[in-house]
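Colleague: Dropping a prediction and its sequence here:
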Amino acid sequence: MQQELATAIKKASQDLFSLNIEPELTRPEEQFGDYSTNLAMKLAAKTGQPPKAVAEKLVEKLSGQPNIAKAEAAGPGFINITLTDKALLKSLSTKPGQPLKGQVVVAEYSDPNPFKILHAGHIYTTVVGEAIAQLLEFAGATVHRVNFGGDVGLHVAKSMWAILQELGGEEPLKLQEIPKQERTKWLSARYIEGNAAYKDNPEAKTKITEYNKRIYQIQRDNDHASAFAQIYWTGRQWSYEAFDVFYARLGTKLEKYYPESEVADLGLETVRKHIGKIFEESDGAIVFKGEPYGLHTRVFINSEGLPTYEAKDVGLIIKKYQDYHFDRSVVVTDNEQQTYMAVVLKAIEQFLPELAAATTYIPHGKVKLLGGVKMSSRLGNIVPAHEVLDVTAAATKKAHGSEDEQVVLAAVKYAFLKQRIGGDIIYDPKESVSLEGNSGPYLQYAYVRALSILQKVESGEWRVERNSNLQPPTSNLESSERSLARKISEYPEVVEAAVNELMPHHVATYLYELAQNFNRFYEANRIIGDEREALRLKLVEAYANILKSGLGLLNIPVPEKM
């Protein structure tokens, strides 16, 4: 309906002023109408006429249009438009468009490192990344979900040093003594020990530097036979198995894990190829000077001749394009990497401008628990990912008497997604499981309640997906009916905004507002057995469908019973 209305307004402006300007439609407060446009002010700037006079001419032209019940000039030149009840009800069947149909998008998110523990921050970036991927798919794109993790580099060398200390040397068979359920915790402890040793123990630091080179050599030689290599590959595999379990629990399936070892040589080769023009030598290292672009200098190849994270990211973006020939690459990471990514993309822009232009970088904030404590896997003061879910499960049981996994996931995901991406998240498990506030379980319950109303019809045979034979009236909506219908009709526009901005919070906010609107409608109206039953059931059905669709976009489970 929004597009039909925009077309009518555009035609009116062409007929009156012979100007072809695309009108922008916004949603005013409900008492002012269904849509508003400032087109009159744009036309006034081009015609030299007063905005209010232009608005009044447009209002006169629009009055009497089949879908418009009322058009009014307001303020300095706004036009408020109220749809007919028939047009409003017709808009309930409008589905969000698919503007990205035919496009290929690579969505990179989560990015955990082998040999380090998954923490609450990984839940956040995974939940956000999956919601963005869902939005892109809903808009018609073919989406490839991937992550990028450091299976080579200093952090792995630190872990390997501590592992060898724990095992008493290069003894791969001793790894079999570690219980399966303890493996990720065991690896995480070794990383913390290795990191501390690198900082405080000069002898350990020398050894870790040596191990770092050995790990790169293992990759180049494809060494799986030496004792050192067996320990390394076993630790990496343990990490990947833990990732699989983690993603399965969150309802996310990544198509590919890109290890740094797979892109390191490509990045190294690419950077070396452009030394002298884009990159330059500095104290034995190879750097990109970002100062001419308002950025800072970063090292891409260190003095040991090894690729840094920067060079590996160069290799990654090239490898992703080789694998998928994407139209767009979306990368979701912690905002601590924001300035880092700016330098990497500026460097890539100098020799592959089309890939830099096709990359959308989305930085997000930290996850903190109540009290504002940050998490760091270097220091060990982290909250493991499973503990966030376990604590939420305990809060769910205390609040509702069960540890339903669907409710737990809804609580965590919605608590993260309802906030705009960018700022830090303070997570409160108790608040997240409430059925009375702005929470995921509240929206699940809202859907279940709507479904139960529909299931009372025809002895429970009604289903949301089924087409009803009831023929509701198409005009003379009561105020609460109209208010609910108006809110339902906003869904395609909300999804469009979320897709354009890659901001899932638009959907979360809308669903909560929609549920509140429905509550007011439900409290004020009888549905089954009322003379307006057919219309009201149509509204309930449309409402339930939108809740189910919107929760699906956020990758939140939609139960039929609670």
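Modeller: Yep, that arrived. Predicted model, so just to flag it, every value in this text is computed and none were measured.

Colleague: can I see the domain layout of the chain?
Modeller: 2-83, 104-368, 440-553 (automatic domain parsing).

Colleague: between these, which gets nearest to Val407?
Modeller: Proximity of the domains of the chain to Val407 was assessed by C-beta to C-beta; the nearest stretch is domain 440-553, lying at 5.0 Å. Every residue, glycine included, has its C-beta placed from N, CA and C.

Colleague: Now find how far off-centre that closest one is within its chain.
Modeller: A distance of 24 Å separates the centroid of the chain from that of domain 440-553, by C-alpha atoms, centre = their mean, to the nearest Å.

Colleague: Straight-line length of it, end to end?
Modeller: From its first residue to its last, domain 440-553 covers 13 Å (C-alpha to C-alpha, to the nearest Å).

Colleague: Could I get the average pLDDT for it?
Modeller: Average pLDDT, domain 440-553: 87.

Colleague: again, but for stretch 118-133
Modeller: Mean per-residue pLDDT for stretch 118-133: 94.

Colleague: same question, stretch 228-245
Modeller: Mean pLDDT, stretch 228-245: 96.

Colleague: helices or strands next to the longest helix belonging to the chain in the packing?
Modeller: Secondary structure assigned by DSSP state H gives helix 227-250 as the longest helix of the chain. Secondary-structure packing of helix 227-250 (3 or more C-beta pairs under 8 Å, 6 or more residues apart in numbering; DSSP states H and E): helix 120-138, helix 154-167, helix 183-200, helix 202-221, strand 256-259, helix 385-400, helix 405-417.

Colleague: any chance you could map the strands in the protein?
Modeller: Ranges of strands in the chain, per DSSP state E, are 25-26, 35-37, 68-74, 78-83, 104-108, 142-149, 256-259, 280-282, 285-288, 298-301, 328-334, 359-364, 367-369, 425-427.

Colleague: Dump the ones you listed to TSV, plus mean pLDDT, distance to Thr209 and mean neighbour count.
Modeller: Output for these, formatted as TSV (pLDDT from 0 to 100; distance: least, C-beta to C-beta, whole Å; neighbours: other C-beta atoms under 10 Å):
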stretch	mean pLDDT	distance to Thr209	mean neighbour count
strand 25-26	94	59	14
strand 35-37	95	64	22
strand 68-74	93	70	18
strand 78-83	94	66	23
strand 104-108	98	30	24
strand 142-149	97	22	21
strand 256-259	96	21	18
strand 280-282	95	20	13
strand 285-288	98	15	22
strand 298-301	97	16	22
strand 328-334	96	26	21
strand 359-364	96	31	19
strand 367-369	79	32	19
strand 425-427	88	36	19
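
Colleague: out of those, which comes closest to Ala189?
Modeller: Among the strands of the chain, if distance is taken as C-beta to C-beta, the winner is strand 142-149, at 19.2 Å.

Colleague: what is the orientation angle of the longest helix of the chain with helix 405-417?
Modeller: Interaxial angle, helix 227-250 versus helix 405-417 (axes from the mean of the first three to the mean of the last three C-alpha atoms, to 10 degrees): 100 degrees.

Colleague: ok so, going back, which one of the domains of the chain lies closest to Asp428?
Modeller: Nearest to Asp428, of the domains of the chain and by C-beta to C-beta, is domain 104-368 at 10.4 Å.

Colleague: quick one, helices of the stretch 451-562 of the chain?
Modeller: With DSSP state H, counting those that start in this stretch as the criterion, the stretch 451-562 of the chain has helices at 479-489, 491-501, 505-524, 533-553.

Colleague: Between these, which one is closest to Thr7.
Modeller: helix 491-501 (15.6 Å).

Colleague: ok so, going back, CSV for the domains of the chain, including distance to Gly401?
Modeller: As requested, these are exported to CSV (distance: least, C-beta to C-beta, whole Å):
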stretch, distance to Gly401
domain 2-83, 38
domain 104-368, 22
domain 440-553, 13
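
Colleague: thinking again about what came up before, nearest to Leu417, out of the strands of the chain?
Modeller: For those, proximity to Leu417 was assessed by C-beta to C-beta; strand 425-427 is nearest, at 9.9 Å.

Colleague: what residues does the closest one touch?
Modeller: With contact meaning C-beta atoms under 8 Å, 6 or more residues apart in numbering, strand 425-427 is reached by 120, 124, 365-370, 372, 388, 412, 415-416, 419.

Colleague: repeat that for 10 Å
Modeller: Residues outside strand 425-427 that contact it (C-beta atoms under 10 Å, 6 or more residues apart in numbering): 120-121, 123-124, 128, 364-373, 383, 388, 391-392, 411-412, 415-419.

Colleague: Are any of these buried, and if so which?
Modeller: If you count burial by 16 or more other C-beta atoms under 10 Å, the buried members of these come out as 120-121, 123-124, 128, 364-369, 383, 388, 391-392, 411-412, 415-419.

Colleague: re earlier: I'd like to know which of the domains of the chain is closest to Ala399.
Modeller: Ala399 sits nearest to domain 440-553 of all the domains of the chain, at 8.4 Å, using C-beta to C-beta.

Colleague: what about Ala264, distance to Met41?
Modeller: 55 Å (C-beta to C-beta, to the nearest Å).

Colleague: Looking at those two now, which is surrounded by more residues?
Modeller: Taking other C-beta atoms under 10 Å, Ala264 and Met41 do not tie; Ala264 has more neighbours (26 against 17).

Colleague: pretty sure Ile132 contacts Val105?
Modeller: Yes. Counting by C-beta atoms under 10 Å, Val105 is a contact partner of Ile132 at 9.4 Å.

Colleague: Overlap in contacts, these two.
Modeller: With C-beta under 10 Å, 6+ apart as the test, Ile132 and Val105 both reach 143, 145, 330, 360.

Colleague: how about JSON lines for those residues, with distance to Phe521 added?
Modeller: As requested, these are exported to JSON lines (distance: C-beta to C-beta, whole Å):
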{"residue": "Val143", "distance to Phe521": "36"}
{"residue": "Arg145", "distance to Phe521": "38"}
{"residue": "Val330", "distance to Phe521": "37"}
{"residue": "Thr360", "distance to Phe521": "39"}
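
Colleague: Of these, which pair is most distant in space?
Modeller: Farthest pair in the shared contacts of Ile132 and Val105, by C-beta to C-beta: Arg145 and Thr360, 15.0 Å.

Colleague: On the pLDDT front, check the nearest residue to Gly194 once chain neighbours are set aside for me.
Modeller: Using C-beta to C-beta, 6 or more residues apart in numbering and skipping residues adjacent in sequence, the residue nearest Gly194 is Lys158, 3.1 Å away. The model reports Lys158 with a pLDDT of 97.

Colleague: how many neighbours does Lys158 have?
Modeller: Lys158 is flanked by 28 other residues according to other C-beta under 10 Å.

Colleague: Who are the contact partners of it?
Modeller: When contacts are counted by C-beta under 10 Å, 6+ apart, Lys158 touches 115-116, 190-199, 204-205, 208, 211-212, 378.

Colleague: go on, Tyr258?
Modeller: Contacts were defined as C-beta under 10 Å, 6+ apart; by that measure Tyr258 touches 108, 111, 146-149, 151, 312, 315-316, 319-320, 323.

Colleague: make it 7 Å
Modeller: 146-148, 316, 319 (C-beta atoms under 7 Å, 6 or more residues apart in numbering).

Colleague: Could you count how many residues lie near Leu167?
Modeller: Counted with other C-beta under 10 Å, the neighbours of Leu167 add up to 18.

Colleague: oh, I was asking about Lys90
Modeller: Neighbourhood size, Lys90 [other C-beta under 10 Å]: 16.

Colleague: Nearest spatial neighbour of it, chain-adjacent residues omitted?
Modeller: Met1 (6.7 Å).

Colleague: Tell me how many other residues crowd that neighbour.
Modeller: For Met1, using other C-beta under 10 Å, the count is 20.
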